[in-house]
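Q: here is the input, now give the coordinates:
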Amino acid sequence: MLRGHRRAARLTLEQLAEASGVSARTLSDMERGRSRGPQHRTVTALADALALEGDSCKEFVELARDGRLRDHWTRPARLCELPRLVDDFAGRAAELAWVRELAHVEGAGVVGLVTGSGGMGKTTLAVRAAHTLRPSFPDGVFFVDLLGMSPNPAAATDALRLLLRALGVADEQIPADVAGRASVYRSVLRDRRALVVLDNAGSEEQVRPLLPGDGASRALITARRLLAGLEGVRRLALDPLSSPEATELLTGILGERAADQEPALDRLVQLCEGMPLALRIIGNRLVSRLGWDAAGLVARLADEEHRLDQFKAGDLKIATAFAMSYEQLAEDARRMFRRLAVVPSPDFDATLAGVVGEVPVEVAWDVLDELVDLGLLFDGPAGRYWFHDLVRLFARMRLEAEESPAEREALAAAVTSWLRT
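A: So this is what the prediction gives:
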C-alpha cells in the first residue's frame, strides 16, 4: 500500500524521506514488508507527506495499526525475557538512578556499560533496573546472557539471531552473516523504543554488533572486563556495598530471623566486605538451616584458612565466581595473581608485584592492568593495588593448590627480604 500511495504522489523514496522525516532505509523496509508494524508517529508523518485525506488516510492508519498488533501477537513467546526480580534487593539507589537516566537522556542509540568484579551484583542491578524501565520502552525489554566468562561464550551471530527472532523477524528474513544480521537488527530497532540488556559480555568484538544504531532504543551491558575499546558508551563501575547497604541486604534476606542477632550480623557484614554475592550466600545458608544462628556462622568463618569454603549455598559458590575470572587469565597473570596473596601489607605497587612475579616492573604493569580489567584487583590513583579480602583468600587457595611448599617458602622469603630493604 505504501508503494502505491508513494507512486500516486509521484515521489521517489528519497523525496518521501525528506518530506516525512522517515529515513529512506526505513521506507524501503516498509515497502518490502520487513517493517510490518511502524509506530503511530511514523504513520502520521507519512500520511501528511503523502497528503492523504478522508477514507484513504483512515485506511492507511488502520492498516498500520493492524500490522503493529499482528507483529506483537506473532512475536515468538518467551524469547529474551527478563529474569525474575529478587524481592530482597537492597541499596544501589544512585546506581539505579544512573541506569534510569539512560531512558531519558538525549541522543540516539545510547549505551550504558556496568562493570565490576565477579559477585558485585551487576546482573541483579541490570535486571532490577530493566523491570522498572518497562513503561519507558513500549516496544519491549529484552535480555540475553552472552556467557562472556564461560569457556564457550555466545557468538555475536547467535545472539543476533535470538534477538531478531524476539523482535519478530522471521527466520527466512535473517541473513546468514554477522554483518547482515547486525544491519537488520539496527534497522528493526531504529523505529522502535526498546531496551536490550546484554548481560555478561566478554569482549568488545562480541558486543559491538549487538548495539543499537540511530533511534530511541537503548542497550545496557554488564561485564567483568572494562571493555575499554567500546566507543561512546556511558560507564558505571560497581563498588562494594556500603556497610548500611550490606546490612540492609543481609537483614532483608533473613527477614524475621535477623531479630536479636545484631552483633553477629555486623560481623558477618564485615567479613563479606560489601560483596553482594557473599552476603547472598551467607543469608541463604542461615535461612535454609533453621537450627543455625548468625553467631554460629561467625564461628565457622573465624578460621581464615578455611573461610572461603563456608561461602557456598547450594549451587552458589563464591570460589566459582572468582574461578571464572581466574580462568580467563594468561598463565603469567595467573602466576602473579596467586603469588600476590603472600604480600602481608593491605596494598602494594608494581615494583613489589614484579618481585612476586619475577618479572620486570614494565611487565608487572601490564599484568596488573589485566587483573584490574577482570576485577580481580582494585587500583588507585597513587599506583597502589589491593585485593578484596575474599579474592585474596581465593588467590591463596590457588597458590597452595598450584605451587609446591618449597616454591611458596622461597616466595615468602623473597617478599620479606624485599620489604626489609
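Q: specify the local secondary structure of the nearest residue to residue 177 once chain neighbours are set aside.
A: Nearest residue to residue 177, sequence neighbours excluded (Cβ to Cβ, 6 or more residues apart in numbering): residue 157, at 7.4 Å. Heads up, the C-betas are built off the backbone N, CA and C, glycines and all. Reducing the assignment at residue 157 to three states with DSSP: H, G, I helix; E, B strand; the rest coil gives helix.
Q: and residue 157, how far from residue 192?
A: Separation of residue 157 from residue 192 (Cβ to Cβ, to the nearest Å) stands at 22 Å.
Q: one more: residue 120?
A: Distance from residue 120 to residue 192, by Cβ to Cβ: 31 Å.
Q: neighbour count winner among those two?
A: More neighbours surround residue 120 than the other of residue 120 and residue 192, with 25 against 20 (other Cβ atoms under 10 Å).
Q: surely that one forms part of a helix?
A: No: assignment of residue 120 by three-state DSSP gives coil, placing it outside any helix.
Q: what pLDDT does it get?
A: Per-residue pLDDT puts residue 120 at 95.
Q: quick one: contacts for the closest residue to it other than its chain neighbours?
A: Nearest non-adjacent residue to residue 120, counting by Cβ to Cβ, 6+ apart: residue 238, 4.6 Å away. Listed by Cβ atoms under 8 Å, 6 or more residues apart in numbering, the contact partners of residue 238 are 95, 114, 115, 116, 120, 121, 122, 125.
Q: what do you get for residue 414?
A: By Cβ under 8 Å, 6+ apart, the contact list for residue 414 reads 355, 356.
Q: helix, strand, or coil at it?
A: Secondary structure assignment for residue 414 (three-state DSSP): helix.
Q: ok, residue 329 next?
A: Counting by three-state DSSP, the backbone at residue 329 sits in coil.
Q: what about residue 199, which SS state?
A: strand.
Q: what pLDDT does residue 66 get?
A: What the model reports as pLDDT for residue 66 is 54.
Q: please apply the same query to the one 10 residues further on.
A: The score at residue 76 is 53. That number is its pLDDT.
Q: start at 51, not 1
A: Happy to do that; since the first residue is 51 now, the last one works out to residue 126.
Q: which helix or strand lies directly C-terminal to the lowest-mean-pLDDT helix or strand in the chain?
A: Least confident helix or strand, the chain: helix 104-123 with a mean of 62, by mean pLDDT, DSSP states H and E. Going down the chain from helix 104-123, the next helix or strand is helix 143-152, by DSSP states H and E.
Q: and that following helix, C-alpha only, in PDB?
A: Only the C-alpha atoms of helix 143-152 are listed here, as PDB (Å, rounded to 0.1, in the frame of the first residue of the first chain):
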ATOM      1  CA  ALA A 143      20.000   3.800  44.800                       C
ATOM      2  CA  ALA A 144      22.500   6.000  43.000                       C
ATOM      3  CA  GLU A 145      23.300   3.200  40.500                       C
ATOM      4  CA  LEU A 146      19.600   2.600  39.800                       C
ATOM      5  CA  ALA A 147      19.100   6.300  39.100                       C
ATOM      6  CA  TRP A 148      22.100   6.200  36.700                       C
ATOM      7  CA  VAL A 149      20.500   3.400  34.700                       C
ATOM      8  CA  ARG A 150      17.100   5.000  34.700                       C
ATOM      9  CA  GLU A 151      18.700   8.100  33.200                       C
ATOM     10  CA  LEU A 152      19.600   6.100  30.100                       C
END
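Q: for residue 246, phi and psi?
A: With angles defined as degrees, to the nearest 10, residue 246 sits at phi -110, psi 120.
Q: try residue 278
A: Here residue 278 shows phi and psi, under degrees, to the nearest 10, equal to phi -60, psi -20.
Q: which residues are in contact with it?
A: residue 423.
Q: go again using 10 Å as the cut-off
A: Shown in contact with residue 278 (Cβ atoms under 10 Å, 6 or more residues apart in numbering): 165, 254, 285, 419, 423.
Q: just the buried ones from these, in ChimeraX syntax?
A: Only the buried entries of these go into this ChimeraX selection, using 16 or more other Cβ atoms under 10 Å:
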select :165,419,423
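Q: quick check: domain ranges of the chain?
A: Domain assignment for the chain by automatic domain parsing gives 52-123, 143-287, 293-371, 379-470.
Q: ranking the ones you listed by mean pLDDT, which is last?
A: Taking the mean pLDDT of the domains of the chain, domain 52-123 comes last: a mean of 72.
Q: my read is that the residue nearest to residue 227 contacts residue 259, right?
A: Yes: counting by Cβ atoms under 10 Å, residue 207 touches residue 259, with 8.0 Å between them.
Q: any shared contact partners between those two?
A: 228, 229, 231, 232.
Q: Three-state assignment for the last one, please.
A: The local conformation at residue 232, judged by three-state DSSP, is helix.
Q: gap between it and residue 186?
A: Distance of residue 232 to residue 186, given as Cβ to Cβ: 25 Å.
Q: ditto for the first one
A: Residue 228 sits 29 Å away from residue 186, going by Cβ to Cβ.
Q: ramachandran angles for residue 160?
A: The phi and psi torsions at residue 160 (degrees, to the nearest 10) take the values phi -70, psi 140.
Q: got a list of what it touches?
A: Residues in contact with residue 160 (Cβ under 10 Å, 6+ apart) are 151-154, 261-262, 266-270, 282-284.
Q: mind checking which of the residues you listed land in helices?
A: Taking DSSP state H, the ones among the contacts of residue 160 that sit in helices are 151, 152.
Q: name the helix or strand for the residue nearest the centre of the chain, please.
A: Nearest residue to the geometric centre of the chain (Cα atoms, centre = their mean): residue 272, 1.4 Å. Per DSSP H and E: residue 272 is located in strand 268-273.
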